[in-house]
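S.K.: A predicted structure for the sequence below; I have some questions about it.
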Amino acid sequence: MLYQPPAFREERPEVLRGLIRSARLAMLVSNGPDGVPDVTHLPLLLVEDGAGAFIIGHFARGNPHWRRLAEAGCAVAVFPGVEAYVSPNWYASKAEHGKVVPTWNYEAVHAEGPVEIVEDAERLHDFVSRLTEAHEAAQPRPWSVGDAPAPFVAGQLRGIVGVSLRVERLAGKRKLSQNRTPADRDGAIAGLGASADARDQDAASAMRAVAEGD
């Protein structure tokens, strides 16, 4: 279960869905048979229709996780957002009393629910097509599954197994210095914004948006 202190809890459905859609590589986690969780890193896609909200993706057929997932019956999909180290040197309060320590700011969404293993070729083709369309959308000339020969695609589909997680609970956390004074928060935003690392700059932008009441 995601630890959500009140200052960092995010419950707005549109924000949670936005974070899921902006995530690139997610994690699917389920209970393993030996007491250690099974974890697979893979792209996942949020789809919504009249039946509800679902997270879809696919495993390599050789990955034993999907068989154990079928036995577990439920899973958690973890979607990361921005993340960055925050140095206490950036806090205004450091000069005032020195009682400051480093921290890490980040965003994350957990989608929990029952799972279905999908081996039907038609549904697998749909899953792969949806994922491809989502990730090719930014390309100047998007590639589609239909660009590859049908027999080749059919062979590739035999090497994967689909998964569909029905979303029963979304839990979101945006730890972006909401618990700091405005001066400390502004200092952290400035420090991250001045970084040459694009990940730090993205975190600064997210912190700024939260400070402005996004």
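M.R.: Right, received. Where do you want to start?

S.K.: next SSE downstream of the longest helix along the chain?
M.R.: Of all segments of type helix in the chain, defined using DSSP state H, the longest is helix 121-136. Using DSSP states H and E, the helix or strand that follows helix 121-136 in sequence is helix 150-157.

S.K.: and the angle from that following helix to helix 121-136?
M.R.: 90 degrees (axes from the mean of the first three to the mean of the last three C-alpha atoms, to 10 degrees).

S.K.: and the most centrally placed residue in the chain, bridged to which residues?
M.R.: By C-alpha atoms, centre = their mean, the chain has its centre lying nearest to Phe79, at 1.4 Å. Applying DSSP bridges to Phe79 yields these beta-bridge partners: Val109.

S.K.: in contact with it, which residues?
M.R.: Leu19, Ile20, Ala23, Ala26, Leu44, Ala108, Val109, His110, Ala111 (C-beta atoms under 8 Å, 6 or more residues apart in numbering). Just so you know, the C-beta spots here come from the backbone N, C-alpha and C atoms, and that holds for glycine as well.

S.K.: before we move on, the earlier item: next, the buried residues of the longest helix of the chain.
M.R.: Leu124, His125, Asp126, Phe127, Val128, Leu131, Thr132 (16 or more other C-beta atoms under 10 Å).

S.K.: distance of the third one from Thr181?
M.R.: Just to be clear, that refers to Asp126. According to C-beta to C-beta, to the nearest Å, Asp126 stands 50 Å off from Thr181.

S.K.: before we move on, what about the fourth one?
M.R.: Taking C-beta to C-beta as the criterion, Phe127 is separated from Thr181 by 47 Å.
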